[in-house]
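**Student:** here is my input; please provide its structure:
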Amino acid sequence: MKTKFSVLISFILMLFISCNEDKIGYSLKNLSIFNSEDDFYSYEYVENNDGILYEVKTGTEPKTDVQKAEEKKQSELEAYTAGTIYTIFVHPLIIEPKLAFDGDRNQSYMYDWFVTSTEFKAALNELYKRNYILIKSTDIYNYDEKTGKIYPKQLYLPKGKKPLVFSIDDLNYYPTMKNNGTAQCLYIDDEGNLADKKKIKGGFENDYGESIFILEDFIEEHPDFSYKGARGIIALTGYKGILGYDTQKGAKNIESEKKKALMVAQKIKDMGWEFASHSYAHVYCNNVSASKMNADCKKWDEEVRPLIGKTCIFIYPFGAEANSANLKVLKENGFRFFLGVAGGTSTLIEENYVRLRRRALDGVMFKYRSKNDFVDIDVVFKKPRK
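**Tutor:** A predicted model of the protein is given here:
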């Protein structure tokens, strides 16, 4: 059928060019037609009045194998109608368990609120086994900046998959973290790649034990774990700098520190990650005054936003959701997508904001054997933790 159609089109083109040769200055020299099962296009060779041949291609370019695979993938998507957007988060990972669980006064802090690189790897396998798939925050809503209104977006996913928004809180690398088993910072190595810096006797060495790298390797092995290149959201405060750099006002060598942090942040965004505010000073948004909430936003705008770029995402410190006065302040400062913490996950999309409630993947989940929809605790957490 396509062949007959292409011949008819070609015949019409010949008639047109022949009848109008003196007007357009071209004559048909030759016409060859290519047909395949999925594509049609034709090459027309036309000769101008000076006898020079020109090749003119009409119709549709043949699709590449990648394009065909993507079209097949899109055709297999189905509308997600369950409503719930699942959310889970971690803090910076423990890459040196012997420093975290060494019996000092910070052990309970590290034990309760953090997980190790090994535990995180096991958790990813559990999530994948349970048919979760990473999505971006913007996959579930549209935001009209002119009107300030939020519109729900229909999400389409591979059959049987459950949408998961993943986030990392406090990827600032506070001194307590750095001294008790987390990475020292994220940085760009000599080859231009992102790495994390691990403290060793007499100096530092490259390491790739942070969740960013573990997740990247997992997606490379299981590309169907990420929907449209989704990764996660990184929540940052500002009072102790960001990403392991002293970018806070008054810090020593602040300009060079800011330059490094800016490069790292851009690299992270290039990988598909989003950034969020975690407030400047890690404040309780449910009981701080509205004036202090606003001042905190302004300080975060001044010191952090220029380094990480535009964002409308706010992740509540301590999981404490803002009271009505502070929610109004946060909206006035441009935030529209909010994430808290709860015993379960829930989704709320209103006219001018979105709120998700998350579960923490941490030692508390293990200690109290918290019932959850995400992982088998006995698979992820092993005794002794290491």
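**Student:** do you know how far D301 is from I168?
**Tutor:** To I168, D301 is 21 Å away according to C-beta to C-beta, to the nearest Å. Backbone N, C-alpha and C define where each C-beta goes, glycine included.
**Student:** now do the same for the residue lying closest to P97 once chain neighbours are set aside: its pLDDT.
**Tutor:** In this structure, P97 finds its nearest non-sequential neighbour in K386, 4.6 Å apart by C-beta to C-beta, 6 or more residues apart in numbering. Here, the pLDDT recorded for K386 equals 76.
**Student:** same check on A82?
**Tutor:** pLDDT, A82: 87.
**Student:** sec struct for it, please.
**Tutor:** Judged by DSSP: H, G, I helix; E, B strand; the rest coil, the three-state class of A82 is coil.
**Student:** what number of residues lie near it?
**Tutor:** For A82, the tally of surrounding residues (other C-beta atoms under 10 Å) stands at 10.
**Student:** just to revisit the earlier point, who has more neighbours out of D301 and I168?
**Tutor:** I168 (23 against 15).
**Student:** you'd agree the more buried one is in a strand?
**Tutor:** Yes - under three-state DSSP, I168 falls within a strand.
**Student:** measure it to E255 for me?
**Tutor:** 26 Å.
**Student:** what of S211?
**Tutor:** Per C-beta to C-beta, S211 is found 29 Å from E255.
**Student:** out of those two, which sits in the busier spot?
**Tutor:** Using other C-beta under 10 Å, the more surrounded residue of S211 and E255 is S211, with 26 against 9.
**Student:** look up phi and psi at the more buried one.
**Tutor:** The phi/psi pair for S211 (degrees, to the nearest 10) reads phi -60, psi -30.
**Student:** residues contacting it?
**Tutor:** Residues in contact with S211 (C-beta atoms under 8 Å, 6 or more residues apart in numbering) are 90, 92-93, 120, 168.
**Student:** show only the entries of these found in helices.
**Tutor:** Counted as lying in helices by DSSP state H, out of the contacts of S211, are F120.
**Student:** so what pLDDT did the nearest residue to K267 once chain neighbours are set aside get?
**Tutor:** In this structure, K267 finds its nearest non-sequential neighbour in L194, 4.8 Å apart by C-beta to C-beta, 6+ apart. pLDDT for L194: 95.
**Student:** residue contacts, L194?
**Tutor:** Counting by C-beta under 8 Å, 6+ apart, L194 touches 186-188, 212-213, 264, 267-268, 271.
**Student:** what does L307 give?
**Tutor:** Residues in contact with L307 (C-beta under 8 Å, 6+ apart) are 242, 247, 258, 261-262, 265.
**Student:** switch to 6 Å and redo it
**Tutor:** 261-262, 265 (C-beta atoms under 6 Å, 6 or more residues apart in numbering).
**Student:** repeat for K161
**Tutor:** 131, 133.
**Student:** just the pLDDT for it.
**Tutor:** 97.
**Student:** S291 too?
**Tutor:** We have a pLDDT of 98 for S291.
**Student:** cool, M1 as well?
**Tutor:** At M1, the model reports a pLDDT of 50.
**Student:** which residues of the stretch 151-300 of the chain fall in helices?
**Tutor:** Using DSSP state H, counting those that start in this stretch, the helices of the stretch 151-300 of the chain run over 175-178, 211-221, 254-270, 290-303.
**Student:** quick one: the third one to helix 290-303, angle?
**Tutor:** The reference is to helix 254-270. Using axes from the mean of the first three to the mean of the last three C-alpha atoms, to 10 degrees, the direction of helix 254-270 lies 90 degrees away from that of helix 290-303.
**Student:** now do helix 254-270: everything it contacts.
**Tutor:** Against helix 254-270 from outside (C-beta under 6 Å, 6+ apart): 186, 188, 194, 242-243, 245-247, 307-308.
**Student:** buried only: go through those for me.
**Tutor:** 186, 194, 242-243, 245-247, 307-308 (16 or more other C-beta atoms under 10 Å).
**Student:** ok so, going back, among the helices of the stretch 151-300 of the chain, which is nearest G238?
**Tutor:** helix 290-303 (4.7 Å; C-beta to C-beta).
**Student:** now the closest one: buried residues?
**Tutor:** Neighbour-count burial for helix 290-303 [16+ other C-beta under 10 Å]: 290, 293-297, 299-300, 303.
**Student:** now do the contacts for I140.
**Tutor:** Here I140 is in contact with 85, 153, 155 (C-beta under 6 Å, 6+ apart).
**Student:** the last one: neighbour count?
**Tutor:** In this case it means L155. A count of nearby residues for L155, using other C-beta under 10 Å, gives 19.
**Student:** show me what contacts it?
**Tutor:** L155 touches 80, 139-140, counting by C-beta under 6 Å, 6+ apart.
**Student:** with the second one instead?
**Tutor:** For K153, the set of contacting residues under the criterion of C-beta under 6 Å, 6+ apart consists of 140-142.
**Student:** look up phi and psi at the nearest residue to R369 once chain neighbours are set aside.
**Tutor:** In space, and not counting its chain neighbours, R369 is closest to I377: 5.6 Å by C-beta to C-beta, 6+ apart. In terms of degrees, to the nearest 10, the main-chain angles of I377 are phi -60, psi -40.
**Student:** nearest to H282, of the buried residues of helix 290-303?
**Tutor:** Closest to H282, out of all of the buried residues of helix 290-303 and judged by C-beta to C-beta, is D296, at 9.4 Å.
**Student:** I figured that closest one was touching S279, is that so?
**Tutor:** Yes - here D296 reaches S279: they are 5.4 Å apart, a contact under C-beta atoms under 6 Å.
**Student:** quick revisit: could I get the helices of the stretch 151-300 of the chain as JSON lines with distance to Y353?
**Tutor:** Output for those, formatted as JSON lines (distance: least, C-beta to C-beta, whole Å):
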{"stretch": "helix 175-178", "distance to Y353": "31"}
{"stretch": "helix 211-221", "distance to Y353": "27"}
{"stretch": "helix 254-270", "distance to Y353": "23"}
{"stretch": "helix 290-303", "distance to Y353": "15"}
